[in-house]
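Peer 1: Predicted model and sequence below, questions to follow.
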Amino acid sequence: MEHNMIIIAQGLADVLQRGKVCQLEQGFMTDAERGWSGADVRRIEVTYENGQKESVIFKEAALKERMAMKTLTDQGHQNTPATYSLDIETDEPRWMAIEDLGSVKFPPPGVDWSPRIAEALAKIHARNMRRGSQMPWLPHADRHYWKDYLVTKVSVDHFETFMEQTPEFCREFRAYLPTLREKANAFADDMAALYDEKNSLTLTHGDLQSVDGSHIHYYNEKPYFIDFGWCYYAPFYIDLASYFNFEDAKLYYNELIANGVSLSYDDFYERLRAAFRYSGLIYLYPSIRQWSLGPTELKGKRLLHMLKIVLTGEFPERRIDYSSKLFSKLLEEHKNGTLHKLN
């Protein structure tokens, strides 16, 4: 083991009040646990001076993620894992030790999960609302970010490039490109307006995923959010888009108000509606890669869902593995040229 890993593990042990670290050993980790970001992530088995053992996650993380996790740890790490990093200055990936939450994503049957997630997320957002000047390490999702990065390089540019590289994809999907660009640009304008408005800016996760995603864990009977690698100083609405429908979003709204944020529900509803396309855009590229060489009937499930979200602003089901009934419906719309129409 690298020597500084022991120092970092000790730093986390101090945060968690575990005692002195005596030994580190390589642990087992599945590919799914490691994630798909490309970051080096390891599970390390820690032995303490008192004989107790537990596992800790080590991740090579960028400065913004290390600092986001330090901020949340300093705020009590009530719904995020405790972390520790030696380096809180270098703008390059460095090791960070993370409290291991295990692999349980969902609560046992009978637990009303959505209100707990709404409460936890609202607290994180409210705690960091309009604190951009105190978080100089956190990049801002400003007009340049939305117009010149998120809706282009991260999403629709990939769609166009794949069309150019893959004749089969081009023949089947090229008709969507003009409307994709139009809707993406309109979304960027809406998000840039929210940035200029400032009222909803906070530390956002940015990749919360849907209810069957991998970034919310059930731990100590509470929801815990992990993997802040896509964090930005951005409108909190983008963290709601993938997970909450309008009914559950009202739970979040009520918690936000309870945490001292002043916002009318009409304004909340309008801005949340504008943010729905975020999920379709940020996950468009992964869905294209999943399509690969098709056919759409076998490999286009996620792609059709993302296209529907971007083209219409509708979000039919908040699941990655959504129902076969919806897939049949989207496939039929795709084949008859009505996928871009509101239902």
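Peer 2: Nice, thanks for sending it over. Note that the structure is predicted; figures quoted are calculated from it, not measured. Numbering: from 1, shown residues only.

Peer 1: ok, the residue positioned nearest the centre of the chain - contacts?
Peer 2: Centroid check for the chain by Cα atoms, centre = their mean gives residue 207 as the closest residue, at 1.1 Å. Taking Cβ atoms under 8 Å, 6 or more residues apart in numbering, we find residue 207 in contact with 215, 227, 229-230, 282. No exception for glycine: its C-beta is placed from N, CA and C like everyone else's.

Peer 1: Also residue 183?
Peer 2: Shown in contact with residue 183 (Cβ under 8 Å, 6+ apart): 277, 310-311, 313.

Peer 1: which of the residues you listed count as buried?
Peer 2: Using 16 or more other Cβ atoms under 10 Å as the burial test, the contacts of residue 183 include 277, 310-311, 313 as buried.

Peer 1: Columns secondary structure on top of these, output as CSV?
Peer 2: Converted to CSV, the buried ones among the contacts of residue 183 look like this (DSSP: H, G, I helix; E, B strand; the rest coil):
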residue, secondary structure
277, helix
310, helix
311, helix
313, coil
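
Peer 1: Out of the residues you listed, which two sit at the greatest distance?
Peer 2: 277 and 311 (8.9 Å; Cβ to Cβ).

Peer 1: Give me the contacts around stretch 307-320.
Peer 2: 173, 176, 179-180, 183-184, 187, 209-213, 241-245, 273, 276-277, 279-281, 284, 302, 305, 322-323, 326, 330, 333-334, 339-343.

Peer 1: I'd assumed residue 58 was in a strand, is it?
Peer 2: Yes - assignment of residue 58 by three-state DSSP places it within a strand.

Peer 1: any idea where the strands of the protein begin and end?
Peer 2: Using DSSP state E, the strands of the chain run over residues 21-26, 41-48, 53-61, 83-84, 94-99, 201-204, 216-219, 222-225, 232-235.

Peer 1: among those, which is nearest residue 35?
Peer 2: strand 41-48 (6.4 Å).

Peer 1: quick one, the closest one and strand 53-61 angle?
Peer 2: Interaxial angle, strand 41-48 versus strand 53-61 (axes from the mean of the first three to the mean of the last three Cα atoms, to 10 degrees): 140 degrees.

Peer 1: strand partners of strand 41-48, parallel vs antiparallel please.
Peer 2: Counting by DSSP bridges, the strands paired with strand 41-48 are strand 21-26 (antiparallel), strand 53-61 (antiparallel).
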